[in-house]
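Student: model this:
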Amino acid sequence: MDDLEPTLLVIPLLAVLAPLLARGLGRWVRVPVVVFELVLGILVGPAVLGWAVPSEFVDTLSEFGLAMLFFVAGTEIEFGAFRGRLGRRASLGWLISLAAGVAAGFLLAPGEAAIVIGVALCSTALGTLLPMLRDAGEMRTPFGQAVAAIGAVGEFGPLIAISIFLGGRELGLSTVILGIFAAVAALAIWLAFRLPRGAMHSFVSATLHTSGQFAIRVVFLILAALVALSIVLDLDLLLGAFTAGIIWRLIMRDASEHDREAVESKIEGVAFGFLVPVFFIYTGVTFDLQALLDDPVLFLLLPLGLVALFVIRGLPSMLSAPEGSTRRDRLSIALMGATGLPIIVAVTAIGVDEGILTSWQHAVLVATGMLSVLLFPLLGMTLRGERVRGGALQDDMA
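Tutor: Below is the predicted model of the structure:
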């Protein structure tokens, strides 16, 4: 406990400091709070100040944080976005990204490492992009729906790929086990449609402001059940967490807007007020900065990694651009699509645990993901914002 106690104090302190820094700096440049959480975690970690150290307890909390992040991402899925042209193009763009990512991986590290690198490079950080789209009022626009579809496929697709290719089993057996999970998930979705929604929503509403908190307890039950199923089937637990979010959204689909927003605010409070910051800060604490410092040449790979993310994931994302999009809109969509971090952290951690990736490869990929979260959404929303302001100015002049 001697090492654990300061870590338990430092992480909450940084969780409070990160949004303050993001808000203070927001007057000049918009930086996602996750960037501050990661950087502050690195700063207090063993590689720099040494105020926080890895521990089993905080590692477990971090795993819960990652699961909650993907649960929330699942609740944000708009199934209407997958119908028609947008769904087909978002899926096609991701398949192109996966093929290109694995090909690039084979050039860098032939073998299983190529699969890990390919899955990392074809991901999109939906959980990072959605708050930015929501704050900018873009969630209901064609642009926002396109980015949301790209992000949904860019998180769900890699989870499927991880379960099939990185489970340590034969491809056929992995597919069968994934099919079993899909069957159970389909049954859960069917039950969600069959629930007596009036009574369910009434009970949820009646306990929103009591110690019962029925909705939050049901959320954790669904999350725990599907995560446990994923673990039993030896699938990645993030697949279960993401699916749990989809099921909860279906359960609440007919609830009143007031009740739905009240429940969502409580879930987001637990997720982004507690567990998710622990995940990102602890990722910074455990980040192997020393591997980069020992070989400064590796820092030269970071710009190349950003270019690889943009080419491999960003350019195919442009297929999902709404009809009539300008070049600036398409470039903005490419930058948003190339933003990746949670999947990169998760898949590279699996690669290191199974001895597929080296420590320096993990460090370079995670650092590249961190830079993508820092730079790409900022550039993408700046391009989009300039277009919107320009259009509004023209309307005012007219």
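Student: Please work out how many residues are found near E264.
Tutor: Counted with other Cβ atoms under 10 Å, residues neighbouring E264 total 17. The way it works is simple: take the backbone N, C-alpha and C, and place the C-beta from them, glycine included.
Student: Name the residues of stretch 19-32 that are buried.
Tutor: 19, 21-22, 30-32 (16 or more other Cβ atoms under 10 Å).
Student: meant to ask about stretch 253-268
Tutor: 255, 259-260, 262-264, 266-267.
Student: go on, stretch 118-127?
Tutor: So, applying 16+ other Cβ under 10 Å, buried residues of stretch 118-127: 118-127.
Student: Give me the subset of these lying in helices.
Tutor: Those of these mapping onto helices are 118-121, 126-127, per DSSP state H.
Student: which one of those is nearest V311?
Tutor: L121 (9.3 Å; Cβ to Cβ).
Student: For this protein, name the helix or strand with the lowest mean pLDDT.
Tutor: helix 197-206 (a mean of 67; mean pLDDT, DSSP states H and E).
Student: So which residues make contact with the next helix or strand along the chain from that helix?
Tutor: Going down the chain from helix 197-206, the next helix or strand is helix 214-232, by DSSP states H and E. Here helix 214-232 makes contact (Cβ atoms under 8 Å, 6 or more residues apart in numbering) with 67-68, 71, 181, 184-185, 188, 203-204, 206-208, 236-241, 243-244, 247-248, 251, 263, 266-267, 270.
Student: How far off centre is helix 214-232?
Tutor: 19 Å (Cα atoms, centre = their mean, to the nearest Å).
Student: Any stretches of this structure with poor pLDDT?
Tutor: Applying pLDDT under 70 to the chain flags the ranges 1-5, 78-83, 166-172, 196-201, 386-398.
Student: What residues of stretch 54-65 count as buried?
Tutor: 55, 58, 61-65.
Student: Among these, which ones are in helices?
Tutor: 58, 61-65.
Student: Switch the buried residues of stretch 253-268 over to CSV; also include distance to I312.
Tutor: Listed next are the buried residues of stretch 253-268 as CSV, based on distance: Cβ to Cβ, whole Å:
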residue, distance to I312
A255, 39
D259, 42
R260, 37
A262, 40
V263, 37
E264, 33
K266, 38
I267, 33
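Student: what's the distance between the spatially closest residue to L195 that is not a sequence neighbour and L126?
Tutor: Nearest residue to L195, sequence neighbours excluded (Cβ to Cβ, 6 or more residues apart in numbering): I251, at 6.2 Å. Distance, I251 to L126, by Cβ to Cβ, to the nearest Å: 20 Å.
Student: again with F287
Tutor: 22 Å.
Student: And for L233?
Tutor: L233 is 24 Å from L126, by Cβ to Cβ.
Student: The stretch 1-150 of the chain: helices as residue ranges?
Tutor: Counting by DSSP state H, counting those that start in this stretch, the stretch 1-150 of the chain has helices at residues 4-25, 33-44, 56-75, 84-108, 112-121, 126-135, 142-165.
Student: that older thread, surely the residue nearest to L195 is in contact with L191?
Tutor: No. Using Cβ atoms under 8 Å, I251 is not in contact with L191; the gap is 9.1 Å.
Student: the more surrounded of the two?
Tutor: A side-by-side neighbour count of I251 and L191, using other Cβ under 10 Å, places I251 first with 22 against 12.
Student: L292 against F299, yeah?
Tutor: Yes. Counting by Cβ under 8 Å, L292 does reach F299; the two are 6.1 Å apart.
Student: what about those two, which has more around it?
Tutor: L292 (20 against 12).
Student: Next secondary structure after the host helix or strand of that one?
Tutor: Using DSSP H and E, L292 falls within helix 289-294. Counting by DSSP H and E, the element after helix 289-294 in chain order, helix or strand, is helix 301-309.
Student: got a list of contacts for that following helix?
Tutor: So helix 301-309 is in contact with 104, 121, 338, 340, 364-365, 367-368, 371-372, 375-376, going by Cβ under 8 Å, 6+ apart.
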